[in-house]
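Trainee: Structural data only, the sequence is not supplied:
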């Protein structure tokens, strides 16, 4: 069984300040973890993925995430928010050894103030 | 390189009707997976097709079905529509089976409204 919890439904930051979107997961197997972003009326775009290689994963648009097995976390960060980062972000877990069906978090809405 | 194309973008149907949605994957991608997105339930996996065979299935009733053609294009069908089927339906394509380490590329979705 697997699950994913995004700890904040909304995160509000000022432009130019750091972004932290939190994600905790549970999985009976070695997980693959993903972060996706969804802008209004659009599909999801892959930001980055962890698949048991380096624990610090760099993605597009300056985002990165760190896989911490001891904390079962995969938090998404960015040093400096841009107005264009305002969107919905989804953390996704998929586990090997199981059926690979992905489980999505409920999403975190990132609000960026000028 | 063309992305994932979903048609139509918007649909309005009446309860009891059936609907077919279409998804054309990125050229060379053999996996197509389908998702339902609603405000109440969030994003949920429906099913995945790979090389014309259903490989994984989520927890949805049998009214939801799909198929994949030899050119990897996929269709999703919902029969006997209910009000609760109103949602954004997303499809995604990838080279490998969903979840096997590859990310997937999503289309923009089909917004289905059941009245």
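Mentor: Yep, that arrived. Here the structure is a predicted model, which is why all the values come from computation and not from measurement. Numbers count the residues shown, from 1 in each chain, chains lettered A, B, ... in the order given.

Trainee: The nearest residue to residue B:22 once chain neighbours are set aside and residue B:109: what is the separation?
Mentor: Leaving out its chain neighbours, the residue that sits closest to residue B:22 by C-beta to C-beta, 6 or more residues apart in numbering or on different chains is residue B:7, at 4.9 Å. All C-beta spots, glycine's among them, are computed from the backbone N, C-alpha and C. Noted for residue B:7: a distance of 11 Å to residue B:109, by C-beta to C-beta, to the nearest Å.

Trainee: How about the residue nearest the centre of chain B, nearest residue that isn't a chain neighbour?
Mentor: Residue closest to the mean C-alpha point of chain B, counted by C-alpha atoms, centre = their mean, is residue B:34 at 3.0 Å. Leaving aside its sequence neighbours, residue B:34 sits nearest to residue B:46 (C-beta to C-beta, 6+ apart; 4.1 Å).

Trainee: Check the secondary structure at that neighbour for me.
Mentor: The three-state label given to residue B:46 by DSSP: H, G, I helix; E, B strand; the rest coil is strand.

Trainee: so it makes contact with residue B:63?
Mentor: No - counting by C-beta atoms under 8 Å, residue B:46 does not reach residue B:63; the two are 11.2 Å apart.

Trainee: Which one of those two is surrounded by more residues?
Mentor: Using other C-beta atoms under 10 Å in any protein chain shown, the more surrounded residue of residue B:46 and residue B:63 is residue B:46, with 21 against 13.

Trainee: residue contacts, the more buried one?
Mentor: Applying C-beta atoms under 8 Å, 6 or more residues apart in numbering or on different chains, we find residue B:46 in contact with B:33, B:34, B:35, B:36, B:57, B:58, B:60, B:64, B:66, B:76, B:89.

Trainee: Taking those, please make a ChimeraX selection of just the buried ones.
Mentor: A single ChimeraX command selects the buried members of the contacts of residue B:46 (16 or more other C-beta atoms under 10 Å in any protein chain shown):
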select /B:33,34,35,36,58,60,64,66,76,89
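
Trainee: just curious, which of the contacts of residue B:46 is nearest to chain A?
Mentor: Nearest to chain A out of these is residue B:58 (C-beta to the nearest C-beta; 6.2 Å).

Trainee: So, low pLDDT: which residues of the chain?
Mentor: Here I'm looking at chain A. Scanning chain A with the threshold set as pLDDT under 70 gives A:96-99.

Trainee: meant chain B actually
Mentor: Within chain B, the stretches with pLDDT under 70 are B:1, B:97-102.

Trainee: can you rerun that using 90?
Mentor: B:1-2, B:28, B:55-56, B:94-104 (pLDDT under 90).

Trainee: Look at residue B:72 and tell me its secondary structure.
Mentor: Following three-state DSSP, we place residue B:72 in the coil state.

Trainee: Give me the neighbour count for the spatially closest residue to it that is not a sequence neighbour.
Mentor: Nearest residue to residue B:72, sequence neighbours excluded (C-beta to C-beta, 6+ apart): residue B:25, at 5.1 Å. Residue B:25 has 28 neighbours, counted by other C-beta under 10 Å.

Trainee: And the one 5 residues further on, by the same measure?
Mentor: Using other C-beta under 10 Å, residue B:30 has 16 other residues around it.

Trainee: separation between it and residue A:9?
Mentor: Distance from residue B:30 to residue A:9, counting by C-beta to C-beta: 36 Å.
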